[in-house]
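A.B. asks: here are the coordinates; sequence isn't available:
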């Protein structure tokens, strides 16, 4: 953010009075612009023991495999967002089940929330953001070609829980920020 | 948003190519500015059977009671955010436990994520954003003076689950948007 979305003047970065973190502040109209983590919603859709995976047609990670997932929109629940992404990426109607994983992707300022899901029927297709969509047996999951660590984490927990006959919600954090040089560096 | 945060020129609202929702688009630099739900994190801190409640010193809902909660910041997990809010609002050190409630506040474009918590010790105080902080017996909770429906929902589920000896995660959605007049209105 370089300019104030409210009045169009250049913003400054400083700690507002009564706050303790630097924010984008507009010296012209006094607006304070906060930046908060964005929610990515997705699901692991199962059909007759197989998992629905999509090969990405867009960057980042074009050509790599993922489960249906994407940024949550305003005016929807997380479950509705996960179902919408399954339709957009894989033309698949899903019934969203229990929450599976919450992954804090700290370097990207994102929280990934993944649900269990079942295909409503055997139909699926290739959405505009996918190169290829497949119902994959667990032993055929292309682990080396998974697009994002949060997807690997979710698939691992899903299969572990399924094998153990349980339905857990798993939390983790991923942090790929580079260490910042200290004041003496 | 009236001006492009990237280049300072006035933005337009239109559906970008390949999208299906109206977005803020800059005709000068072609940036697309997405708006997504913000996460509010909080907790229900318990100490010796009592619940820590804060009376708000700030708008909205100044003078009404809440549990410690606030906007999640970048570079923290939801659990860290809930603990930070407990410190800021009630000078209380808490151990965050299991997830309790996820409330989609659709009209506010917010997702409220509440955790169970325990005070690390009997110490607490009145933070800058609170008028008063109290350890409240369940029968003394001021239900008519609770600040937000998500707080009422979380306290109700917390006490129900505690009485039943379980540890559930509860989802709900709240939608106070006014119905919009149709195209013929």
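C.D. replies: Sure thing, it's come through. Because the structure is predicted, anything quoted here is derived from the model rather than measured.
A.B. asks: residue contacts, residue A:151?
C.D. replies: By Cβ atoms under 8 Å, 6 or more residues apart in numbering or on different chains, the contact set of residue A:151 is A:42, A:65, A:66, A:67, A:69. No exception for glycine: its C-beta is placed from N, CA and C like everyone else's.
A.B. asks: The fourth one: how many residues sit nearby?
C.D. replies: Same thing as residue A:67. Other residues within reach of residue A:67, judged by other Cβ atoms under 10 Å in any protein chain shown, total 29.
A.B. asks: repeat for the first one
C.D. replies: Other residues near residue A:42 number 28, with proximity taken as other Cβ under 10 Å.
A.B. asks: Next up, the contacts around it.
C.D. replies: Contacts of residue A:42 by Cβ under 8 Å, 6+ apart are A:66-70, A:82, A:85, A:112-115, A:151, A:154.
A.B. asks: Skipping adjacent residues, who's closest to it in space?
C.D. replies: In space, and not counting its chain neighbours, residue A:42 is closest to residue A:69: 2.5 Å by Cβ to Cβ, 6 or more residues apart in numbering or on different chains.
A.B. asks: State the distance from that neighbour to chain B.
C.D. replies: 14 Å (Cβ to the nearest Cβ, to the nearest Å).
A.B. asks: hang on, the earlier thing: now intersect the contacts of residue A:42 with the helices, please.
C.D. replies: A:82, A:85, A:151, A:154 (DSSP state H).
A.B. asks: would you turn those residues into CSV with distance to residue A:171 and pLDDT?
C.D. replies: Converted to CSV, the ones in helices among the contacts of residue A:42 look like this (distance: Cβ to Cβ, whole Å; pLDDT from 0 to 100):
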residue, distance to residue A:171, pLDDT
A:82, 18, 98
A:85, 21, 98
A:151, 16, 98
A:154, 12, 98
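A.B. asks: Which of these sits closest to residue B:169?
C.D. replies: Among the ones in helices among the contacts of residue A:42, residue A:82 lies closest to residue B:169 (Cβ to Cβ), at 15.7 Å.
A.B. asks: out of the contacts of residue A:42, who's nearest chain B?
C.D. replies: residue A:113 (8.7 Å; Cβ to the nearest Cβ).
A.B. asks: The closest one contacts residue A:96, doesn't it?
C.D. replies: No - look at residue A:113 against residue A:96 with Cβ atoms under 8 Å: they stay out of range, at 11.0 Å.
A.B. asks: Between the two, tell me which one has more neighbours.
C.D. replies: Between residue A:113 and residue A:96, counted using other Cβ under 10 Å, the more crowded position is residue A:113 (28 against 20).
A.B. asks: what is that one paired to in the beta sheet?
C.D. replies: Residue A:113 has the following beta-bridge partners by DSSP bridges: residue A:41, residue A:102.
A.B. asks: coming back round to it: what about the residue nearest to residue A:42, how many residues close to it?
C.D. replies: The burial count for residue A:69: 26, using other Cβ under 10 Å.
A.B. asks: okay, it: pLDDT?
C.D. replies: pLDDT for residue A:69: 98.
A.B. asks: Just list the residues touching it, thanks.
C.D. replies: A:40, A:41, A:42, A:43, A:82, A:85, A:112, A:114, A:151.
A.B. asks: go on, residue A:174?
C.D. replies: Counting by Cβ under 8 Å, 6+ apart, residue A:174 has contacts A:103, A:104, A:105, A:106, A:107, A:149, A:150.
A.B. asks: I am finished for the moment; much appreciated.
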